[in-house]
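Colleague: with the sequence up front, the predicted model follows.
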Amino acid sequence: MHLSLLKLPNGLGTTQIPSKEAIRRMHQLHRGEVLRQARGLLQQDGDELEEALAPGSEVVPYRISPVIIPVVAETPESRLFRLASLNWSVPVSNGYGRRMRFLVKDRQNRKLIGLIALTDPVFNLRARDDWISWTAADRRDRLRFVMDACVLGALPPYSYLIGGKLVAALAASNEIRESFRRRYRRSKSEISQRVNNIELALLTTTSALGKSSVYDRLKVMRKVEFVAVGETKGYGHFHVPDSLFRMMREYLAKLGHAYANGNRFGQGPNWKMRVIRETMRLIGSNPAILHHGIPREVYVVPLAYNAKPFLTGEADTLRPISASAAAISSFCKGRWIIPRALRDERYRDFRPESLVHELKRAARVR
């Protein structure tokens, strides 16, 4: 494909806010590419995913007991994370800079409940910065105390039981904060080169399909709360396929442009947008391709009672909010999971082989 032939997928670049189903359709091009790239993985290890998922008939809602398992690169857990993330209708991000991934499993059957992934937050996020009351200097100095939850979700059959709320709330658990502390307590900043004892003060996340039914009004024990603070402006690059983005980088590299190889820590998705915008400008095309028109709701999750004062420099130490995975699970079961199971038993009909078969079909695995 020549760069000049680039066209927007249907529905993109319009001023009308699309429905959730329309947003899923807009992501089909990207998801199809992700699935095709994972064809070999599905063909070779699809049975591993099938084995990791619970048949609905084997899930006892009141016995659900989540275990949070850190994922290390190049391990069976890492492979399972990638396999399971293929189920998302909106492809998950690999993240930038600091990255942490977790499997959430159920003690009762050792099967997979869902996935959590944290990554460095984007540098410019107006809704977050306004909520914190950050100055530019504050943000530069204290962004390291924030992480973005780029993957939060449950897999079937737990997703049928509103397990997405459980997994989302677990991202704010003591276990996640302690895992972060162990990994980054003596880390050196790539920008300032100073050694930091970092505590996690705040999580951010954005909805993938407009207003989120999972994050909306998500409060657990008056401790964990997803606070809606605004919307993004509908700009991004999810709809630009990786193959096309590689062509853009090659084009800039031939011109000797600095953006071609500018993916350093602290740039992240902003760098990708600069590459696309600059390429569009140079070939005389409309940079409006970056306006996909899908506003995403922005949520913040304070992990300390004084998260705001700490992030603005008014407080020197954090007062962490204590919420264990066990306590979060107990609340979520009583509030959402068990009532849903009593109202709707369709979760019991889920069969893991049906999900794996559908993924293979979509990836055209023979």
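Modeller: Arrived safely. If you're wondering where the values come from, they're calculated on a predicted model, not measured in any experiment. Residues are numbered from 1 along each chain as shown.
Colleague: excluding its backbone neighbours, what's nearest Arg107?
Modeller: With sequence-adjacent residues excluded and distances taken as CB to CB, 6 or more residues apart in numbering, Arg107 is closest to Ser65, at 4.0 Å. C-beta coordinates here come from the backbone N, C-alpha and C atoms, glycine included.
Colleague: dump the residue contacts of that neighbour.
Modeller: Applying CB atoms under 8 Å, 6 or more residues apart in numbering, we find Ser65 in contact with 106-108, 326, 329.
Colleague: tell me the strands in the stretch 51-200 of the chain, going along the chain?
Modeller: Assigned by DSSP state E, counting those that start in this stretch, the strands in the stretch 51-200 of the chain fall at 66-70, 99-106, 111-119, 146-154, 187-188, 195-196.
Colleague: who wins for proximity to Val34 among those strands?
Modeller: Set against Val34 and scored by CB to CB, the strands of the stretch 51-200 of the chain come closest in strand 146-154, at 13.3 Å.
Colleague: excluding its backbone neighbours, what's nearest the residue nearest the centre of the chain?
Modeller: Taking CA atoms, centre = their mean, the centroid of the chain lies closest to Cys150, which sits 1.9 Å from it. Spatial nearest neighbour of Cys150, excluding adjacent residues (CB to CB, 6+ apart): Ser93 at 4.5 Å.
Colleague: count the neighbours of that neighbour for me.
Modeller: By the measure other CB atoms under 10 Å, the count of residues near Ser93 is 16.
Colleague: and the strands of the stretch 51-200 of the chain as CSV, adding distance to Thr204 and mean pLDDT?
Modeller: Below are the strands of the stretch 51-200 of the chain laid out as CSV (distance: least, CB to CB, whole Å; pLDDT from 0 to 100):
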stretch, distance to Thr204, mean pLDDT
strand 66-70, 19, 98
strand 99-106, 14, 97
strand 111-119, 10, 97
strand 146-154, 5, 95
strand 187-188, 20, 59
strand 195-196, 19, 57
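Colleague: to Tyr259, which of the ones you listed lies closest?
Modeller: Nearest to Tyr259, of those and by CB to CB, is strand 111-119 at 21.4 Å.
Colleague: any chance of the contacts of Ser65 in TSV, with distance to Tyr160 and neighbour count too?
Modeller: Below are those laid out as TSV (distance: CB to CB, whole Å; neighbours: other CB atoms under 10 Å):
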residue	distance to Tyr160	neighbour count
Asp106	14	22
Arg107	20	12
Gln108	16	15
Ala326	23	14
Ser329	17	24
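Colleague: out of the residues you listed, name the ones that lie in helices.
Modeller: Using DSSP state H, 326, 329 are the members of the contacts of Ser65 that sit in helices.
Colleague: okay, the contacts of Ser65 in JSON lines with distance to Arg144 next?
Modeller: As requested, these are exported to JSON lines (distance: CB to CB, whole Å):
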{"residue": "Asp106", "distance to Arg144": "33"}
{"residue": "Arg107", "distance to Arg144": "34"}
{"residue": "Gln108", "distance to Arg144": "38"}
{"residue": "Ala326", "distance to Arg144": "29"}
{"residue": "Ser329", "distance to Arg144": "30"}
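Colleague: check which residues of the helix or strand hosting Asp45 are buried.
Modeller: Counting by DSSP states H and E, the element that carries Asp45 is helix 39-52. Residues of helix 39-52 classed as buried by neighbour count (16 or more other CB atoms under 10 Å): 41-42, 45-46, 48-50, 52.
Colleague: and what of stretch 133-150?
Modeller: Neighbour counts using 16+ other CB under 10 Å place 134, 139, 142-150 of stretch 133-150 among the buried residues.
Colleague: how near is the residue nearest to Arg107 to Ala258?
Modeller: 51 Å (CB to CB, to the nearest Å).
Colleague: and the helices in the stretch 51-200 of the chain, which stretches?
Modeller: 76-85, 126-132, 136-142, 163-170, 174-184 (DSSP state H, counting those that start in this stretch).
Colleague: okay if I get the ones you listed as CSV plus distance to Leu359 and mean pLDDT?
Modeller: Formatted as CSV, these follow (distance: least, CB to CB, whole Å; pLDDT from 0 to 100):
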stretch, distance to Leu359, mean pLDDT
helix 76-85, 8, 95
helix 126-132, 34, 95
helix 136-142, 40, 92
helix 163-170, 19, 98
helix 174-184, 28, 94
